[in-house]
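*Asks:* build me a model from this:
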Amino acid sequence: MTRDIDKKAKTEIMKDIIRKLHSGMTAEAAKERFEKEIGDITSTEIASLEQSLINEGISPEEIKKFCNVHALIFQSALEKAESAEVNPAHPVYLFRLENREIEKLTGSLKNVAGDVASVTPRVKETLLKLKGIDTHYNRKEQLLFPFLEKAGFMGPSKVMWGKDNEVRDLLKSALSGIDGIGSQPELQDYIKKALNPLIEEVEGMIFKEENILFPTSLEKLASADWVAILQESDDIGYVLIEKPAETTHLVKDLQQALAEEPVWQDGAISLPSGAIKPNELMALLNTLPVDLTFVDKDDTVRYFSEGRDRVFIRTRAVIGRKVQNCHPPQSVDIVEKILASFKDGSKDSYDFWINYRERLVYIRYFAMRDRNREYLGTLEVTQDVTDIKKLEGERRLLDERA
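*Replies:* Numbers count the residues shown, from 1 in each chain. Presented below is the predicted three-dimensional model:
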């Protein structure tokens, strides 16, 4: 039941409850006060509340620690609200469809029973399927979050992304521990310490998505935003579901209708995926850890990058020269073969690697094509991979904190 208070007072009461919760108030006391003084709350109000707390200086890390408790406090109020129905081709519909399949996997993990020899293979198989949740999270993080940020909501990318990573870590830990189980006590310990925490976080994330994130997104994002999200979703992919046929058809129609060409606008080259100024583009290409050479569809050298540590010497005198004349006579027939296969569409790339001045050099050729698969030219990419071959283990972004 909604209490008779204005929006501003309601927000201040909620913020005070959350602050006191972070200062030591129990979840039970916080929930009791919420139900007594507030009663009902919408998903958008919760999103706005967390955003407001971030703006006032509470760190996203602090909010992340308590967001499970926040959801618990607001759970009964949120569950009363009806979920908005969306078209089967809508990104939110597809997110929810995946969640139903994820719940089937967590449901099977809750019913672990039997001897170790028969249980552990089934658990491992289910966990391997659950790894697909990474695709679900990636689509949310790489597509939905950026549009929410543009709408002024930074909270999901700062808080929910961190919770996603906690799920990823729990899943990795559960998978790494399943193979070492050899007895019933070890299995029970594994269930308690690895499996149950994973299930709780996965299902908790589903609740947060469906009762807070998705309703807020439906309210805040425009139709054009959802079209853009749908267009790019195929690049990341879906998990555990087959897309409805109308989604595939819609994406194809949209791609054809919304296909954009680069244009010069406000001193920058405007592209479908963003805009960049010429001096920025030149710096970007010269900063790439590879050497680039572009040969147009008429076999004429049109461009090469000028990075600081080029593998092979290139002089600007090569611009406008036929690429066949840039190779020794004994290799021209190979060059012609590569170009011919690109032009007739039978090949899209070639890879070579050589030892050059005691360094391992990786040389790749790619056919450049437009949306209609028409040949535009050839891109040569050269890279010194000597040190890359020596990499072992992992070095993560967070290791820089050490």
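*Asks:* check contacts around residue 151.
*Replies:* 220-221 (CB atoms under 8 Å, 6 or more residues apart in numbering). (C-beta placed from N, C-alpha, C; glycine too.)
*Asks:* distance of it relative to residue 221?
*Replies:* Distance, residue 151 to residue 221, by CB to CB, to the nearest Å: 6 Å.
*Asks:* how about residue 345?
*Replies:* 39 Å.
*Asks:* who has more neighbours out of the two?
*Replies:* Legend: neighbour count by other CB atoms under 10 Å for residue 345 and residue 221, higher for residue 221 (20 against 12).
*Asks:* excluding its backbone neighbours, what's nearest that one?
*Replies:* Excluding the flanking residues, the one nearest residue 221 by CB to CB, 6 or more residues apart in numbering is residue 147, at 5.4 Å.
*Asks:* what segments of this structure are strands?
*Replies:* Along the chain, the stretches classed as strands by DSSP state E are 263-265, 268-271, 274-276, 291-296, 301-304, 349-356, 359-369, 375-384.
*Asks:* domains of the chain?
*Replies:* With domains defined by automatic domain parsing, the chain comprises 7-80, 91-256, 290-389.
*Asks:* let's have these in TSV, adding distance to residue 271.
*Replies:* Shown next, in TSV, are the domains of the chain (distance: least, CB to CB, whole Å):
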stretch	distance to residue 271
domain 7-80	31
domain 91-256	14
domain 290-389	13
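*Asks:* save these as TSV, and put in mean pLDDT and distance to residue 396 too.
*Replies:* Compiled in TSV, the domains of the chain are given as follows (pLDDT from 0 to 100; distance: least, CB to CB, whole Å):
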stretch	mean pLDDT	distance to residue 396
domain 7-80	68	17
domain 91-256	88	11
domain 290-389	93	17
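*Asks:* those: which one's closest to residue 263?
*Replies:* Comparison of the domains of the chain against residue 263 by CB to CB identifies domain 290-389 as nearest, at 15.7 Å.
*Asks:* and that closest one, how far out from the chain middle?
*Replies:* Centre-to-centre, domain 290-389 and its host chain are 31 Å apart (CA atoms, centre = their mean, to the nearest Å).
*Asks:* please apply the same query to stretch 184-203.
*Replies:* Offset of stretch 184-203 from its chain centre (CA atoms, centre = their mean): 27 Å.
*Asks:* buried stuff in it?
*Replies:* Buried residues in stretch 184-203, counted by 16 or more other CB atoms under 10 Å: 187, 190-191, 194-195, 198-199, 201-203.
*Asks:* residues in contact with the most centrally placed residue in the chain?
*Replies:* With distances taken as CA atoms, centre = their mean, residue 138 lies nearest the centre of the chain, 2.8 Å away. Applying CB under 8 Å, 6+ apart, we find residue 138 in contact with residue 236.
*Asks:* go again using 10 Å as the cut-off
*Replies:* Counting by CB atoms under 10 Å, 6 or more residues apart in numbering, residue 138 touches 164, 236-237, 239.
*Asks:* count of neighbours near residue 14?
*Replies:* 24.
*Asks:* quick one: it from residue 278, how far?
*Replies:* 49 Å.
*Asks:* check residue 298 too.
*Replies:* From residue 298 over to residue 278 the distance is 24 Å, taken as CB to CB.
*Asks:* ok, residue 93 next?
*Replies:* For residue 93, the distance to residue 278 - CB to CB - is 42 Å.
*Asks:* can you tell me the distance between the two ends of stretch 287-305?
*Replies:* Using CA to CA, to the nearest Å, one end of stretch 287-305 lies 9 Å from the other.
*Asks:* give the buried residues for it.
*Replies:* When burial is assessed from 16+ other CB under 10 Å, stretch 287-305 yields the following buried residues: 290-295, 299, 301, 304-305.
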